[in-house]
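In: Pasting the sequence and the predicted model now:
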Amino acid sequence: MVVTGLTVGALALVSLLAFQANGAVDRAGGPPKPAASTAAPGPSASTAAPTASATPTIPAVPATSGAGLRVVYSLGTHTVWLVDPKKTPQVVAAFTVTPGSVEPTAGSYTVYSRRPTTTGTDGKQIEHVVLFAQQNGIVFGFSAAQDGALPTPDPAVKTGGIRQSRQNGQLLWDFAPNGTKVVVVA
């Protein structure tokens, strides 16, 4: 009888832990979602309403971003799109970022430098640094903090670092070698 009670208790504990682990995936954002695309959505196999843990909708790449292979950064939505017209869909990835305390002027730029790792102007260790502009002594580029943090920038420190997750930092790093066009849109 004691063995039966212990067995039932152990099974209950394992079931509870499995249930909690399943919910933890949802709370953590779940597995990586496929990149957003500009294609019109097709019919859905499910008519259920989206859940609270649903990924926010990334807007379509702005029509004003030009043509060709490019990284597009929206000042208004703080969204980055990696666009390759030779692929289907053309938007290879799209994700939101955290801007620095100063934003670049809208326009077309070119990746001019990349650094695997360095220290950011905020003192954080950063990786996958892709630099594309300098304005009024401020350097603008994309990077990921090695600790994965996306802090709100200190307005007292002028920084042009546009932070993204480590996963998205790797995507942008792989997509944008020196010479890649970066289009900044309002």
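Out: That came through fine.
In: any idea which helix or strand comes after the worst-scoring helix or strand of the chain on mean pLDDT?
Out: Lowest mean confidence among the helices and strands of the chain (mean pLDDT, DSSP states H and E): helix 2-27, at a mean of 35. Following helix 2-27 in sequence order, the next helix or strand is strand 70-74 (DSSP states H and E).
In: who touches that following strand?
Out: 59, 61-62, 65, 79-83, 97, 104, 111, 130, 132, 142, 162, 172, 175-176, 180-186 (CB atoms under 8 Å, 6 or more residues apart in numbering). Placement of C-beta: from N, CA and C, glycine included.
In: And the residues you listed, which of them are buried?
Out: Neighbour counting over the contacts of strand 70-74 (16 or more other CB atoms under 10 Å) leaves 61-62, 65, 79-83, 97, 104, 111, 130, 132, 142, 162, 172, 175-176, 180-185 as the buried ones.
In: which stretch of helix or strand covers L171?
Out: Per DSSP H and E: helix 166-175 holds L171.
In: Give the rounded mean pLDDT of that helix.
Out: For helix 166-175, mean pLDDT is 98.
In: tell me what the helix or strand following that helix is packed against?
Out: Counting by DSSP H and E, the next helix or strand C-terminal to helix 166-175 is strand 181-185. Packing contacts for strand 181-185, counted by 3 or more CB pairs under 8 Å, 6 or more residues apart in numbering; DSSP states H and E, involve strand 70-74, strand 107-110, strand 125-135.
In: most packed of those?
Out: Highest mean neighbour count among those (mean count of other CB atoms under 10 Å): strand 70-74, with a mean of 22.
In: What strands flank the helix or strand just after that strand, and is each parallel or antiparallel?
Out: Using DSSP H and E, the helix or strand that follows strand 70-74 in sequence is strand 79-83. Applying DSSP bridges to the sheet, strand 79-83 is found paired with strand 70-74 (antiparallel), strand 91-96 (antiparallel).
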